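Q: All I have is the shape, not the residue letters:
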């Protein structure tokens, strides 16, 4: 029989090991890529999934329940965000049907991580988001999956009425619906999904925002906000959203960056070099978190391929790869 002192020593050693392991950055686990499909020249979904695997990409977001993609994902261990439209979750029966058809047949061979109920919903439809989230959560609960697959919704930074300085971040009066959504996420222990694009903030205000601040290349602090110092726009935008959630009872709600990226052509400072710089720096940065919450921040880059059926210009040029699977620029996902 071990002496009490020996047991206590073992407990202390185990606690130390746990704390050391927890301190290691988990960047390899925190990076995914959104799989857009608005192109008539894209590779098969099976080939697309193989491209994720060959590049060590460990997360994917798809914008609907795509049977060919889900089939290709079986056994890959690629973490998945899958969107569901509001109409497919408009009632408890509709949500149950959707889960029974699009989740249960593939689970656990497909590593579902989040169901995103709506993407950047606006206008009168915002009132439908929370009921739809509850319907999907109920359907997952009926399937015994509510602890394995998280339910959320994806918003953009337009829900903020105040974003500067980051500590003053607050939802706009038009986004008052976010209060109940954030509180619901808190109650079910789910993060908010957020599409964060420093590119659009920079392109819309080049007079006040420097390219270096947007690309993570500023040599020093650009914004000081109390004890927090900001060297890049991404951190400032994320922390403004954290602050907004804190103000409505969401201090314990995390964020997952469900989209971020930089286009390589078609707009202001949209060069291949700038796109490479932004996305590589984003990958290297998010394991550190933000000044407000310095823990690994799960992030999904937009997007895997250039999509030729989107509006001409910037919208067609977010891809990391051309449709022929050749890289637009080199990037290291590790």
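A: The structure has been received and is ready for your questions. These figures come from a predicted structure and were not determined experimentally.
Q: My guess is residue 261 contacts residue 197. True?
A: Yes - Residue 261 is within contact range of residue 197, at 7.3 Å (criterion: C-beta atoms under 8 Å). (C-beta placed from N, C-alpha, C; glycine too.)
Q: Buried ones in stretch 92-103, by neighbour count?
A: Taking 16 or more other C-beta atoms under 10 Å as the neighbour-count basis, stretch 92-103 is seen to contain the buried residues 94, 95, 96, 98, 99, 102, 103.
Q: any idea which of these is the one closest to residue 275?
A: Distance ranking of the buried residues of stretch 92-103 against residue 275, using C-beta to C-beta, places residue 102 first at 32.6 Å.
Q: Tell me which residues touch the closest one, please.
A: When contacts are counted by C-beta atoms under 8 Å, 6 or more residues apart in numbering, residue 102 touches 65, 70, 82, 84.
Q: can you redo these as JSON lines with secondary structure, distance to residue 315 and neighbour count?
A: As requested, those are arranged in JSON lines below (DSSP: H, G, I helix; E, B strand; the rest coil; distance: C-beta to C-beta, whole Å; neighbours: other C-beta atoms under 10 Å):
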{"residue": "65", "secondary structure": "coil", "distance to residue 315": "23", "neighbour count": "19"}
{"residue": "70", "secondary structure": "helix", "distance to residue 315": "26", "neighbour count": "22"}
{"residue": "82", "secondary structure": "strand", "distance to residue 315": "22", "neighbour count": "24"}
{"residue": "84", "secondary structure": "strand", "distance to residue 315": "23", "neighbour count": "28"}
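Q: Report the two of those residues separated the most.
A: Of all pairs drawn from the contacts of residue 102, the one with the longest distance (C-beta to C-beta) is 70 and 84, at 13.1 Å.
Q: May I see the contacts of residue 102 organised as JSON lines, with pLDDT and distance to residue 127 added?
A: Below are these laid out as JSON lines (pLDDT from 0 to 100; distance: C-beta to C-beta, whole Å):
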{"residue": "65", "pLDDT": "98", "distance to residue 127": "24"}
{"residue": "70", "pLDDT": "98", "distance to residue 127": "30"}
{"residue": "82", "pLDDT": "98", "distance to residue 127": "23"}
{"residue": "84", "pLDDT": "98", "distance to residue 127": "17"}
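Q: and which of the residues you listed is nearest residue 326?
A: Among the contacts of residue 102, residue 70 lies closest to residue 326 (C-beta to C-beta), at 25.9 Å.
Q: what about the closest residue to that closest one other than its chain neighbours, helix or strand, and which?
A: What sits nearest to residue 70 in space, not counting adjacent residues and going by C-beta to C-beta, 6 or more residues apart in numbering, is residue 106, at 4.8 Å. Take DSSP states H and E as the rule and residue 106 turns out to sit in neither a helix nor a strand.
Q: ok now do residue 106, which residues does it touch?
A: Listed by C-beta under 8 Å, 6+ apart, the contact partners of residue 106 are 70, 71, 73, 74, 112.
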